[in-house]
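Enquirer: fold the following, please.
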Amino acid sequence: MHHMERAKLNNTWHWEIRAAINDWEHKYRELVMAGYGEKRRVKILSCRRNQLDKDNLLGGTKPLIDALVHHHLIWNDTPGDMELLVDQKIDRNNIGTYIEISL
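Expert: Model (predicted):
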């Protein structure tokens, strides 16, 4: 991927996560940020038209994970600080990415 395309993708994920945080704070008033060294579980479900192999699916989550770290929803993206579960589902009518973060 060209570096400008990668930067645009990263920026898009940063704004998507920021919008989700703002929506959550508007409804529930509090969002628990990750503390130093706090381990969190991140589940990502990708609903797509066509199935990807596992390596490509995991590699495609990197900009999303970086955005979660940037907004302090997870402390770090190392295995000691985050348990990552990535899955995909074929759903041609409801394409999207669903994220669940838990302690």
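Enquirer: in the longest helix along the chain, what counts as buried?
Expert: Looking across the chain with DSSP state H, the single longest helix is helix 3-28. Residues 10, 13-14, 17 are the ones in helix 3-28 that count as buried (16 or more other CB atoms under 10 Å). (Glycine included, C-beta is placed from N, CA and C.)
Enquirer: and of these, the nearest to Asn93?
Expert: Trp13 (23.3 Å; CB to CB).
Enquirer: report how many residues lie close to the residue lying closest to that closest one once chain neighbours are set aside.
Expert: With sequence-adjacent residues excluded and distances taken as CB to CB, 6 or more residues apart in numbering, Trp13 is closest to Ala67, at 4.1 Å. If you count neighbours by other CB atoms under 10 Å, Ala67 ends up with 21.
Enquirer: per-residue pLDDT, Ala67?
Expert: Note for Ala67: predicted pLDDT of 93.
Enquirer: so it is in which element?
Expert: helix 62-70 (DSSP states H and E).
Enquirer: how long is stretch 24-35 end to end?
Expert: 19 Å (CA to CA, to the nearest Å).
Enquirer: oh, I was asking about stretch 54-70
Expert: One end of stretch 54-70 to the other measures 25 Å (CA to CA).
Enquirer: also stretch 67-79?
Expert: From its first residue to its last, stretch 67-79 covers 17 Å (CA to CA).
Enquirer: now that stretch: buried residues?
Expert: Across stretch 67-79, burial judged by 16+ other CB under 10 Å covers 67-69, 71, 73-76.
Enquirer: may I see those residues organised as CSV, with distance to Gly37 added?
Expert: Output for these, formatted as CSV (distance: CB to CB, whole Å):
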residue, distance to Gly37
Ala67, 20
Leu68, 16
Val69, 13
His71, 17
Leu73, 15
Ile74, 11
Trp75, 6
Asn76, 8
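Enquirer: wait, which of these is closest to Ile44?
Expert: The nearest one, if we look at the buried residues of stretch 67-79 relative to Ile44 and count by CB to CB, is Leu68, at 9.8 Å.
Enquirer: the closest one: what's it in contact with?
Expert: Leu68 makes contact with 17, 42, 74, 77, 99, 101, according to CB atoms under 8 Å, 6 or more residues apart in numbering.
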